[in-house]
Every structure is written in C-alpha cells, then in structure tokens.
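Trainee: I'd like to go over a predicted model; first the sequence, then the structure.
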Amino acid sequence: MSLTAVVVTIYFFILIGWSLYNYIKNKQKGGTTLEGQFVGTRSYSAGHLLATLVAVWGSNYTLLAAAEAGYVNGISGVIWYALGVALPLFFFSWPLNIATRIRKLLPNGVTIVEVIGKRYDEKSRLVALSILIASNVLFIISIVLSIGIVLKALLGTSLSTAIIIGGVVMIIYTALGGFEALMYAHVFQLALAGGAVLVALFLSISEFSLSSLFSQISADSTGMLNVVAWGPNSMLDFFLGLLGFTIASPILYQIAFSGKNDKEVTRAFRLFGITWAPFAVGTAIMGMVAYLLYPNIQGQDAATTLVTSLFPEWAAVLFFLGGLALVFSTADATVNNVASLIILDIYKKYSNSDITAKKASILSMTTQVSLGVIGILGALNFGDGVLQLLALNGAVNIPLIFTVIFGLYWKRTHPTAAFWAMLLGVISEFILYYGFDKSIYTSFAGLVLSVFILVVGSLMLTRNNTDYLTPMVHKNSEGGGEVA
C-alpha cells in the first residue's frame, strides 16, 4: 500500500473514530434529543460558529470550484468568485442581520422552514420545504462529486470508485456523529485545510518567479488579467445564484440557531469574509497557474491536476487531505441539515407519536444514510462540473430571497402572495433554465417575477385587511414583548 493510501486510510479512521466515540458517549448518557441532533446545546461561541461557517463554505466552493473559476476566467475568476461567495454571506449579517432577526422571531427554532411557517402559513411552508429539499439534494450531489474528484487524484482510482469510497465514509462519519461532534470536528478540519492551502499556494507560485508568473499571464492571448473576462452577465448570474443560495441556505439558519447569543452569532457571520477569502483567492490563483501549465484539461480538474503533477508527494497528500477536510465538513453539515428538514418539518409535523431520544437517533441516522446514498447515485450520473451544479443549486433558491427578507422586515408581506411568489418563481426558473437559456436572464426573470408577485400581491391582499397588519410579537428574554 502506498504512503498516500495509508495516510488517507488513517484520516478516514480518525473521522469515523471521532464520530463513533461521540455516538457511544451520547448513548451512555441516554441519547440525544431530536433538537440536540441538529442544533446541539445552543451554546456555541463565535469561534466555533466561525470555524463551522468557513469549513462548510470552503468545500467544493473553494478547493475545486474556485480553482475552476481561476482556470477558466483568469484574474476575474479570482476576484469575482471570492466576492460572489463572500458578499451574500456578509449581507446575511449586515445590513440585514437576518441571523438575529430569526432568533427573535423563533427563539427555539432549528430550520428555515420553521421560520417561513411561523411568518406565513402552511401552504407557504410546504412550497418552501419542497424547494429547499430539491436544491439541497443537488448540493449533496455536488459535495459527493467533489469528494470523488479529490479521492480520484489522491488514490489514482476511477472517478466512480472514488465517489463510492468517499460517499460511504461520508455516510458513516456523518450519521454516527450528530451536531455536537460535527461542530468540534470542524475546528480540526479547518486547521488542516488552512495549512494545506498555504503550502499549496506557495508551491504553485514557486514554479515561476512572481515577475515571470505575471509576465506569462499578461502575455496570454486569452487575457487572463482582464478583470471582466468572466463577462458581466455571467458574473451577475453567479452572484444572484449565490445570493439565493445564501439567503435561503438552511445551514446558515441552523448555525444561527445554535449560537450562544445574538452577539456571538453576529460576530461569527461578520468575520466570515476575511477568514474565508484566503482559501478562495489562493486556490483560484492555483487555477490560473494550472491553466498556464496544463491548458487542455477540464476546469474542474485544475487544482487536482496541478497538485498531482507539480507537488512532491508529501505536499500533494497534505493538499488533498485539506481538500477532503473541507469537503467532509460541508458534507456532514449539509446532510445533517437536510435530515433536520425531513424529520422536523415533515415527520414530526405530521406524526402523532412521541419522539424519544432513541427514536430520534434512529430517525436521524436512517435519514442521513438515505441522503448519502442519493448523493452517491446522483454524483455517479451527473455529467456537469462542480461549478455548474452549484450555480443550478443557487438558481433554484432565488425565488426565496425576498420572500425571506420581506417576511422579516415588511409586516405587510402576505402569506398568499409569498406562496405564489415562491411557486411561480421556481417554476419559471426551471422552464427558462432547461427550455430556453442558462444565463443571467433566467435568474433575473425568476427574481423579478417573485418580487413582483410578492409586492403587488401583498399590497392588494392587505388593503382591506387591517387586522393582518398587526406586528408579530414575541417574548424576549426578560418576558416583555418585542415587535418582530
């Protein structure tokens, strides 16, 4: 067995061992409640929340898709990819501060679907649930595909074999662990990934002197230093998709609900950009270097080809372990979160039976295993690149952007208008995306249609319904009332 295979095997055993340890520990304590499976103790500090945010957002977004953006679009891929991912998450905390808003609206919440159900009504909750499950199943598929791409480069196997091996490890590690174990594992995963990216960036640039690197980029006929080479329409389309993915990301709501207090949650979200940016910029620059050296490969293979061809074995192993760390962090968080949507927003909502700690554990594990299997099957049959999957995933969520924002900040937003805005918005997205044009016009049309229905419908439906305009009130920690 090669050194690489030995190291990867040890890493997999560490992941599974950590999850197994926490599973046994929780079982000895009598098990974890259903709520604890998905938000833990609700006592996490800004440091733990930030590590989770960066680890989750630094998966196929960074190690593969950012490199693909740099490979295909040059310096514009470096700049606009980083901005496209970081800015929407910054908007989540400023100026909107959605994280604290939802904590006030639903102090004991777990999922975004609960927030929409609380703010609107049952039919709005159901359409939001359907959209979110569909979009996040696509996300799980993209994660498993990313795992396969990294493992393929590491072990030298076929992509299908790598997808199956990585997917099975992901399923075992995630299903056993639970939210508490995953939160603490993210700190370790992020430290490993950070060291890997620093070493990889240094080795990539050292292939050229800095002056030689920029000379070759400048002399390239495709204009890799053109800051708008990606194209304004494509960049805006990417930004809209990522905005939709962020504002309607169930993981962000889950993280926000798990924080110790509003201050810790807000601090974690606001520090995200400067903490995550080095990962994205570093790997996107690696993509540019890969283009200069290997101009005839696929964009999604830019990082892996560069590393396997250029780096010494120890550095290649370190980089791919860092990549796996980030991908597995995203995988465990996403699968755990989608399981919360299925169990809390479907099973618990319509089940009349009590959910004991034992039953909660069985439900959580069964659901997460099922989602992992779906991810493996989807990755084995999906031909497009990681970046394309992520764009599609974000586009599906676009009709939810202003449904969430208006619902939290405009008291006249009407449930019926929200329902039709989400439903017709996502239908238009699919029709335009698959029937006509996969461009900015698809995303923009879905956004405009959903906003138009939301605003005009709300104004018409609330005109003669003054009772509906009564602000929602909840109790704050001192027992008083506060307008949401």
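Mentor: Now that the structure is in, tell me what you want to look at.

Trainee: packing partners for the one helix or strand V317 maps to?
Mentor: Using DSSP states H and E, V317 falls within helix 313-342. Counting contacts by 3 or more CB pairs under 8 Å, 6 or more residues apart in numbering; DSSP states H and E, helix 313-342 packs against helix 3-28, helix 36-39, helix 46-57, helix 122-155, helix 159-206, helix 250-258, helix 302-310, helix 357-381. The C-beta positions use only the backbone N, C-alpha and C, and glycine is treated the same way.

Trainee: could those helices be laid out in CSV, adding mean neighbour count, mean pLDDT and distance to L105?
Mentor: Shown next, in CSV, are those (neighbours: other CB atoms under 10 Å; pLDDT from 0 to 100; distance: least, CB to CB, whole Å):
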stretch, mean neighbour count, mean pLDDT, distance to L105
helix 3-28, 15, 85, 30
helix 36-39, 24, 85, 16
helix 46-57, 24, 86, 19
helix 122-155, 23, 86, 14
helix 159-206, 21, 83, 21
helix 250-258, 24, 91, 11
helix 302-310, 23, 82, 41
helix 357-381, 19, 88, 25
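
Trainee: Switch these over to CSV; also include distance to A277.
Mentor: Below are these laid out as CSV (distance: least, CB to CB, whole Å):
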stretch, distance to A277
helix 3-28, 26
helix 36-39, 28
helix 46-57, 10
helix 122-155, 20
helix 159-206, 11
helix 250-258, 18
helix 302-310, 17
helix 357-381, 28
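
Trainee: G457: which of those is closest?
Mentor: helix 122-155 (11.9 Å; CB to CB).

Trainee: Check the spacing between the closest residue to A134 other than its chain neighbours and V113 real quick.
Mentor: Spatial nearest neighbour of A134, excluding adjacent residues (CB to CB, 6 or more residues apart in numbering): V396 at 6.2 Å. V396 sits at a distance of 15 Å from V113 (criterion: CB to CB, to the nearest Å).

Trainee: hang on, the earlier thing: average pLDDT for the helix holding V317?
Mentor: Average pLDDT, helix 313-342: 84.

Trainee: what's the answer for stretch 98-106, then?
Mentor: For stretch 98-106, mean pLDDT is 90.

Trainee: Contacts for that stretch, please.
Mentor: With contact meaning CB atoms under 8 Å, 6 or more residues apart in numbering, stretch 98-106 is reached by 92-93, 109, 112, 114-115, 118-119, 247, 252-253, 256-257, 259, 262, 265-266, 269, 404-405, 408-409, 472, 474, 476, 482, 484.

Trainee: What residues sit buried inside it?
Mentor: Judged by neighbour count using 16 or more other CB atoms under 10 Å, the buried positions of stretch 98-106 are 98-103, 105-106.

Trainee: swap in stretch 451-459?
Mentor: Quick answer for stretch 451-459 (16+ other CB under 10 Å): 451, 453-455, 457-458.

Trainee: Let's see which of the residues you listed end up in strands.
Mentor: Among the buried residues of stretch 451-459, no member falls in strands (criterion: DSSP state E).

Trainee: follow-up on the earlier one: let me know which of the helices and strands packed on helix 313-342 is the nearest to A325.
Mentor: Shortest distance between A325 and the helices and strands packed on helix 313-342, using CB to CB, is found for helix 159-206: 3.9 Å.

Trainee: gap between the closest one and the chain center?
Mentor: 14 Å (CA atoms, centre = their mean, to the nearest Å).

Trainee: Which strands or helices does it pack on?
Mentor: By 3+ CB pairs under 8 Å, 6+ apart, helix 159-206 packs against helix 3-28, helix 36-39, helix 46-57, helix 122-155, helix 262-293, helix 302-310, helix 313-342, helix 357-381.

Trainee: Now the residue nearest the centre of the chain: closest residue in space that isn't a chain neighbour?
Mentor: Nearest to the geometric centre of the chain sits W57, at 5.4 Å (CA atoms, centre = their mean). Nearest residue to W57 in three dimensions, chain neighbours excluded: W276, at 5.9 Å (CB to CB, 6+ apart).

Trainee: There's contact between the one you found and L87 in this structure, I believe.
Mentor: No: in this structure W276 lies outside contact range of L87 using CB atoms under 8 Å: 11.4 Å.

Trainee: and those two? which has more neighbours close in?
Mentor: Between W276 and L87, counted using other CB atoms under 10 Å, W276 has the larger neighbour count: 23 against 15.

Trainee: how far away is the more buried one from L126?
Mentor: 34 Å.

Trainee: on that earlier part again, what's the residue nearest to A134 in contact with, if anything?
Mentor: By CB under 8 Å, 6+ apart, V396 lies in contact with 131, 134-135, 138, 244, 426, 429-430.

Trainee: at 7 Å instead, please
Mentor: Listed by CB atoms under 7 Å, 6 or more residues apart in numbering, the contact partners of V396 are 131, 134-135, 426, 429.

Trainee: and it, what helix or strand is that in?
Mentor: Short version: V396 belongs to helix 386-397, going by DSSP H and E.

Trainee: Show me what the mean pLDDT comes to for that helix.
Mentor: Averaging pLDDT along helix 386-397 yields 64.

Trainee: next one: stretch 82-93
Mentor: The predicted model gives stretch 82-93 an average pLDDT of 80.

Trainee: Stretch 273-285 too?
Mentor: Stretch 273-285 comes out at a mean pLDDT of 81.

Trainee: what's it in contact with?
Mentor: Applying CB under 7 Å, 6+ apart, the external contacts of stretch 273-285 come out as 50, 54, 57-58, 62-63, 66-67, 69-70, 77-78, 81-82, 85-86, 90, 197, 201, 204, 303.

Trainee: Any buried residues in it, and which?
Mentor: For stretch 273-285, a neighbour-count test (16+ other CB under 10 Å) marks 273, 275-285 as buried.

Trainee: From these, pick the one nearest W420.
Mentor: Of all the buried residues of stretch 273-285, G273 has the smallest distance to W420: 34.7 Å, by CB to CB.

Trainee: that older thread, buried members of the contacts of stretch 98-106 into ChimeraX, please.
Mentor: Buried members of the contacts of stretch 98-106, defined by 16+ other CB under 10 Å, are picked up in ChimeraX with:
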select :92,93,109,112,114,115,118,119,247,252,253,256,257,259,265,266,269,404,405,408,484
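
Trainee: Nice, that's everything, thank you.
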